[in-house]
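A.B. asks: The following block contains a protein sequence and its predicted model.
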Amino acid sequence: MKSFRCFFLLLICSVSGGSCFQLYHFVDYYFEDKAQGHRLYEIPLFHQINNREWASSLLAAQITWIEDKEDSWWDPETTWTLGRGDCEDIAILYLNILYFGTGRKGKLVLVGYGKEIVNGGFGTKHCIVQFDGEYFDPITGTAYGKSEIMYEYSFDTVFSASF
């Protein structure tokens, strides 16, 4: 699969006349801009959620997954208030909830299959989280391997320091 990704990336670079380094960094900047600077959102309920299973259950009960055709990444308060969001919105809210419930920080992770360019990003298909060293979908609990990871963003990159 890695060789396919490299071949595909080289093919895109050859056709576009640019370098792979430039394309890779363009894609990373595209997502990093969307991933960073979100405001933390604190309510008393979040302090009671002290493990990932409870956080997943809370999200499943309170948040409806929707398709976001505009690819906007909402702050946790927006997702919580509206009661809906796509995978990025839900993952950002999940990290927010676990931070207040456990005091620990996770990562926002983009996974993909390396087969196409989607919304300006090479091969990205889904947004998940990394928490306590494990990569998984915050709603379904589906585990992901390191080979599927395209980009990772630290908690401190995703969230600004202010509330």
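C.D. replies: Received it, and whenever you're ready, just let me know what you need. Residues are numbered from 1 along each chain as shown.
A.B. asks: Show the pLDDT at the most centrally placed residue in the chain.
C.D. replies: Closest residue to the average C-alpha location of the chain: residue 127 at 3.7 Å, with Cα atoms, centre = their mean. You'll see residue 127 listed with a pLDDT of 92.
A.B. asks: Let me know the helix or strand that it is in.
C.D. replies: Residue 127 belongs to strand 121-131 when elements are defined using DSSP states H and E.
A.B. asks: Show me what counts as buried in whichever helix or strand comes after that strand.
C.D. replies: Tracing the chain C-terminally past strand 121-131 and defining elements by DSSP H and E, one meets strand 134-136 next. Neighbour-count burial for strand 134-136, counted by 16 or more other Cβ atoms under 10 Å, picks out 135, 136. The way it works is simple: take the backbone N, C-alpha and C, and place the C-beta from them, glycine included.
A.B. asks: Summarise which helices and strands strand 134-136 is packed against.
C.D. replies: Applying 3 or more Cβ pairs under 8 Å, 6 or more residues apart in numbering; DSSP states H and E, we find strand 134-136 packed against strand 121-131.
A.B. asks: I'd like the distance from the residue nearest to the centre of the chain to residue 31, if you could.
C.D. replies: 9 Å (Cβ to Cβ, to the nearest Å).
A.B. asks: what residues are shared contacts of these two?
C.D. replies: Between them, residue 127 and residue 31 have residue 110 as joint contacts when contacts are counted by Cβ atoms under 8 Å, 6 or more residues apart in numbering.
A.B. asks: surely residue 92 meets residue 78?
C.D. replies: No. Counting by Cβ atoms under 8 Å, residue 78 is not a contact partner of residue 92; they are 9.6 Å apart.
A.B. asks: Low-confidence regions, this structure specifically.
C.D. replies: Within the chain, the set of residues satisfying pLDDT under 70 comprises 1-29, 113-124, 161-163.
A.B. asks: Run through the helices of it in chain order.
C.D. replies: In the chain, the segments counted as helices under DSSP state H are 2-16, 20-35, 52-62, 76-82, 87-102, 155-158.
A.B. asks: and the residue nearest to the centre of the chain, what does it touch?
C.D. replies: Taking Cβ under 8 Å, 6+ apart, we find residue 127 in contact with 86, 87, 88, 90, 91, 108, 109, 110, 111.
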